[in-house]
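Colleague: Sequence first, predicted coordinates after that:
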Amino acid sequence: MRRHDHGSSASPASEAKTGNAARVDAETDGSERAGAETGGRGEREETAVRLRGVGKSYGKGHTAVEALRGVDLTIGTGELVVLLGPSGSGKTTLLNLIGGIEPASAGTVEVAGRSLAGLDEDARTAYRRDAVGFVFQFFNLVPTLTAMENVRLVAELVDGERGGRRAGRGRRRERAREALESVGLAGRADHFPAQLSGGEQQRVAIARAIAKDPELLLCDEPTGALDLETGLGVLRVLQDLNRRGRTVLVVTHNAAIAAIAHRVVRMRSGEVVDVATRAVPADAGEVAW
Amino acid sequence: MVTGGVLAAKFRRDLRHRPAQLVAVVALVMLGVALFGASYDAYKNLDGGYRALFDRYRFADITLAGGDAEAIAREAARTGGVAAAATRTVADVPLRMPDGATMVGRVVGMPAGTQPAVDRVKLRDGAYLDASAPDGVLAEKHIADHAHLRPGSKVQVWRDGAWHGVAVRGTATSPEYLWPARDRQEPLPAPGSFGVLFAPEPLARRIAASASVQGPNQVVVHYTRDGREDAARLDAALTATARRYGAPDAVTRADQPSNAALGEDIKGFSELAYLFPALFLMAAGVAIYVVLTRRVARDRSLIGMLRANGFPRRTVLAHYLATGVVVGLAGAAPGVLLGLALAGTVTRAYTGAIGIPDAQVSVRAGTVLTGVAFALAAGVLAALAPAVAAARVPPAEAMRGAVPSGRGGRGVLARVERLLPVTRRLPAGAWLVLRGPARQPRRTSYTALGVVLALVLILVSWGMLDTSKATVARQFDRIQRQDAELTLAPGTGSGSVPRSGSGSGSGSGSVPVPSVLADLARQPGVSAAEPSANVPVSLEAGGRAYSTALVGLRRDTSMHRFLTSAGARPLPARGLLLGSAMRDRLGLKAGDRLTVRPSTPAGPRAGRRRGSRWPGSWTSRSARSRTPRSGRPRRSRPASARRPCSCGSRTAPTGTRWNGPSRPVRAWSPTPTRGRSSGP
Ligand SMILES: Nc1ncnc2c1ncn2[C@@H]1O[C@H](COP(=O)(O)OP(=O)(O)O)[C@@H](O)[C@H]1O
Ligand SMILES: [Mg+2]
């Protein structure tokens, strides 16, 4: 399954799209300035994510699917980027490559200045653990664990594997509680997922993602399974987290959500077709669909 | 096992999710371990118990019958590896119990006042033999229990044509008669049809003399520990020694009737120790596999979430493997305890039922560990495949919704559809039903396997009951068809025949049986009566020897059937018919020649005339060894006898004549043995 030709920008697919990539690049440069203006945390790496000529194909021979082709993209630290595109356009695939869930078939993926190419399975696992928080469309909460436990599940792992085993239960609990508080669910800590609404479940999932204090928050259709009202609640939480300095990438097929982004990346058929920058993103409360 | 307290909590809650399922699987493991522990420990207890018992009571390693006993004993005692060799007089004679019941009895001579060097007895009550009581005997446990003999009871022994009373001084158990088998051909004598008395040697000789046995006729030999290590060589050397002094018959410890019967019996425990536990553990394994495979399939997106969040593969593997470990251990713990308890119960019940003194029950760490290891292995092996599958779930799976996983199974169904176009007409509902199992072909086949195993478990248990019933039915309804047998005394003096009148049997085949038969046939309710002869012999061929009984029957006998896979066959006109077991043991095939030597526990002395037992009965004592089980019954001609022996007597190769009794016989022991009721 794994491809070993990461970093080869000379793949036919990316060469064929050179013009397109150049155009995107130009706009990306503009947005980097915008990102710097908004986020503006000087001591951190300016660029959170950098993709160059990234391609991804599944399968072999005549059944092969090219999910991504020659994608160039840069996300600045502290930006809130919305990845917009119809179903099947390669949004999730792109998220997987940035999150280290799958290796790219072509091109280079760099996160916080570190290239993901050439990382083996173990190294990618460690990267995901340390650097990325995931929010999934279908929440993926463990049904037999309470909200608090679902958050702690990830907090414990990070403590344990980062050599912080001594961090102590108390601190872990405290961090999990903080995460739940920041999504406004401190009061529902002992509820099981089945006792929570969809929006609450997704907020627990967000708390879980931020409990390990990741550099990057990757959200795949976070409102996809939610109605308007609860969806807006979730967006508010994401925007709030971003305003406190976190880099957030939100994947959606819902164009209305694009309003809250610093930048909107449009995709179609595995390619980035347009990148738009907003000087002043809308407040999540003003969004409607 | 499971890293992280929260993941451990998930694990515990997953286990508790379906408590009935968990309890059922744990119970299967527990039963497997318990059955293993019970049967294996019972086997070990019994085996060890016998060994200890045999050491304590100096059970003979080999018994040499006939020939010059004193000379054989002297030579044996000089042989390396022999701890002790003793001579004694043993004779089978009629006995009469206080209630008037008669039976085949065996009198075994022992030194008065002190236990013999070999084949000691354990006194249960009363007093040991004493020179001051020359007519005092010890009654062996089985007959003592059956006939309610107590110290002070009077038993009558048939000697010199009349009943003579002897006094029971006490009752005893003997390593030679833990199982009251008269000989190897009759491992299941009917209760009360056979009994053993231990008598002071002088009394035993007097009694034996009337059965044509002069002086000590047996040598019993006990080996040292080292000697037993090398028993086969020592057995062969002593058998050769015995041969040189004219003793045709050597019975090793392995072939000793009681020991052989018990050995076969407890071997069953060691076989059961693996068969049933294996079935239970396999059933448990399949259950674990199916349950876990389902859970992994259900958890795919959660596993993907864990992996996406940076949980390593080994954590996921351990998480699911832990179910197997926990179920294995949870079943093993009570299983071991139950097994230990059952082993003790089984051992005590068994030794109690058979009357073996000093039952040994011990806890064996090896059995406990093996049981736990089996349970763990079953749990881990069953959980391994699902756990590996879980560890292989890619993190990308977290991005997918609750999409049904698996290969779709449409391959199988599509093929069915293509091959059988008729199936296309099945209603959509039917396809919906079929698609479920077809989607997970492996899981489906394991579920089916689980059901099959459960059925196997039931059928095997049923089958075992059924087989034993069928064996008994075959033996007593189709092979041995007599309802009763009447045993006539060997060499009974003339003039003492109360009913059969006089018949002279000096010539070969000329016996007084016909008149007894006529008497019997006249009895109301008797539809047929036939004579048969039963002669203890040693069969030899190609350097191999086996002690058995030669049974003479009418060629057209209706009392015994010789079953082959092709149906019943008649006796051959010439030669011997051998059972397949004996054929294999002696390595014979049809047309081969073999040597037949007479031998009895009261072995004949060379040159003496000896009356064989002439049962006026419809009997075969050796049905087991003689029933041809293969499709090819054997016909063999005795090496040194021209006339085949299918009904009657002939000249034995040793020159010993063992014709029918030359004097009129007396029907002394009507022992009605309903075949089906035989066996203690
Ligand atoms: N594991 C995979 N194997 C084969 N094809 C895949 C796989 N994952 C995604 N694809 C294909 O790649 C394309 C992009 O998929 P995806 O990134 O999930 O789109 P989106 O998230 O935009 O809906 C689709 O055509 C999809 O069928
Ligand atoms: Mg998607």
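Modeller: That came in fine, so what should we check first? Residues are numbered from 1 along each chain as shown, chains lettered A, B, ... in the order given. Ligands and ions are numbered 1, 2, ... in the order given.

Colleague: can you give me the strands in chain A?
Modeller: A:47-58, A:65-76, A:80-84, A:106-111, A:114-115, A:132-135, A:216-220, A:247-252, A:263-268, A:271-277 (DSSP state E).

Colleague: Reformat these into a markdown table and put distance to chain B, mean neighbour count and mean pLDDT next to each item.
Modeller: (Glycine included, C-beta is placed from N, CA and C.) Formatted as a markdown table, the strands of chain A follow (distance: least, C-beta to the nearest C-beta, whole Å; neighbours: other C-beta atoms under 10 Å in any protein chain shown; pLDDT from 0 to 100):
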| stretch | distance to chain B | mean neighbour count | mean pLDDT |
| --- | --- | --- | --- |
| strand A:47-58 | 10 | 23 | 94 |
| strand A:65-76 | 11 | 24 | 94 |
| strand A:80-84 | 13 | 26 | 95 |
| strand A:106-111 | 14 | 23 | 94 |
| strand A:114-115 | 15 | 12 | 92 |
| strand A:132-135 | 5 | 27 | 94 |
| strand A:216-220 | 6 | 24 | 95 |
| strand A:247-252 | 10 | 26 | 94 |
| strand A:263-268 | 16 | 22 | 95 |
| strand A:271-277 | 19 | 19 | 93 |
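
Colleague: So which of those strands is nearest B:Val393?
Modeller: Closest to B:Val393 of the strands of chain A, according to C-beta to C-beta: strand A:132-135, at 15.1 Å.

Colleague: which helices and strands does that closest one pack with?
Modeller: Applying 3 or more C-beta pairs under 8 Å, 6 or more residues apart in numbering or on different chains; DSSP states H and E, one finds that strand A:132-135 contacts helix A:198-211, strand A:216-220.

Colleague: what sits against the nearest residue to A:Tyr58 once chain neighbours are set aside?
Modeller: Of all residues not flanking A:Tyr58 in the chain, A:Val65 sits nearest, at 4.6 Å (C-beta to C-beta, 6 or more residues apart in numbering or on different chains). By C-beta atoms under 8 Å, 6 or more residues apart in numbering or on different chains, A:Val65 lies in contact with A:Ser57, A:Tyr58, A:Gly59.

Colleague: Would you check how far apart A:Val65 and ligand 1 are?
Modeller: A:Val65 sits 4 Å away from ligand 1, taking C-beta to the nearest ligand atom, to the nearest Å as the criterion.

Colleague: and the stretch 1-150 of chain A, which of its residues are near chain B?
Modeller: Residues of the stretch 1-150 of chain A lying close to chain B by C-beta under 8 Å from any C-beta of the partner chain are A:1, A:92, A:95-96, A:99, A:101-102, A:121-122, A:125-130, A:134, A:136-138, A:140, A:142, A:144-145, A:149.

Colleague: End to end on stretch B:114-121, go ahead and measure it.
Modeller: The first residue of stretch B:114-121 is 11 Å away from its last residue (C-alpha to C-alpha, to the nearest Å).

Colleague: Please name the nearest non-neighbouring residue to B:Trp546.
Modeller: No Trp there; residue B:546 is Tyr. Using C-beta to C-beta, 6+ apart, the nearest residue to B:Tyr546 is B:Leu539, at 5.2 Å.

Colleague: B:Ala549 is in contact with the one you found, correct?
Modeller: No. With contact defined as C-beta atoms under 8 Å, B:Leu539 does not reach B:Ala549; the gap is 10.1 Å.
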